[in-house]
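# let me see the structure of the following:
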Amino acid sequence: MLPILERFYASKQIFRPTSRFALEQLQAVRARIERGETVYLAGIGATGFHNSGVALIEVSPDRGPRIICNNEEERFSGKKHSADFPRNALLALRTTMERIGIGPEDIAAWLGTWDYAALAATVCRTALEEFPASLSLFRARETPVLTSVTSIRRPAAHVISAMRSDFPLPRRSSGCRITTITHGSRSACHLSPAAKLR
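The predicted model follows:
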């Protein structure tokens with residue numbers, strides 16, 4: 001199931017952290033930093049179970065990684081632990097980028113908070129292993145977040161198109177590709193030019 005989901009998400013320009021694309025992007029970012037360039041990385045927690053949002057990180061050889069902004073959607077919607085697509089957070093990110101004089105084309109990589117292919121494969125595997133009891137997972141009254149299979153597919157189908165509406169880029173722009181990172185603290189180790197390739 002995982003190889004099928006990897007291909008599906010890659011067709012939507014959402015790549016796993018172990019993909020060839022992700023490793024090439026990582027090497028390109030490291031090379032730019034080693035040449036003395038400042039690199040901007042954007043993170044997006046597009047949707048999921050809680051706390052959707054976006055972040056912008058500046059990485060330079062002399063200062064290392066520096067958080068420019070970290071906008072959770074709940075700050076703008078007033079909805080605590082919002083799992084909604086972070087449209088307002090993206091608009092605030094665009095404003096921040098304009099203020100510091102960079103555009104979407106200056107983002108070296110977009111990083112996601114979930115490995116969506118692995119998450120979808122886990123949900124599918126669990127649903128099959130626990131069938132028929134697992135059918136209740138897809139009922140809104142039982143599990144509000146997983147109201148349908150579309151909530152699992154939504155990141156792939158919705159993230160890129162929604163980002164394009166806020167960040168108009170060419171169809172195959174590298175600025176629209178999302179490389180997922182394992183949720184949480186591992187993102188920092190991928191930013192450092194001294195970090196080891198896994």
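
# contacts, neighbours, all on C-alpha from now
Will do.

# got the buried residues for stretch 128-141?
Along stretch 128-141, these residues count as buried under the neighbour rule (16 or more other Cα atoms under 10 Å): Leu137, Phe138.

# and for stretch 62-81?
Pro65, Ile68, Cys69, Asn70, Asn71, Glu72, Glu73, Glu74.

# tell me what the third one is bridged to.
On the basis of DSSP bridges, Cys69 takes part in beta bridges with Leu56.

# surely it is in contact with Gly53?
No - between Cys69 and Gly53 there is no contact under Cα atoms under 8 Å: 10.5 Å.

# mind listing the helices for this structure?
Secondary structure of the chain (DSSP state H): helices located at 2-11, 20-34, 74-77, 87-100, 116-129, 150-154, 160-166, 186-191.

# with distance to Ser60 and mean pLDDT added, can I get those helices in TSV?
Formatted as TSV, the helices of the chain follow (distance: least, Cα to Cα, whole Å; pLDDT from 0 to 100):
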stretch	distance to Ser60	mean pLDDT
helix 2-11	29	95
helix 20-34	6	95
helix 74-77	28	87
helix 87-100	15	96
helix 116-129	29	91
helix 150-154	34	43
helix 160-166	26	56
helix 186-191	10	35
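
# on that earlier part again, of the buried residues of stretch 62-81, just say which sits nearest to Ser82.
When the buried residues of stretch 62-81 are ranked by distance to Ser82 (Cα to Cα), Glu74 comes first, at 5.3 Å.
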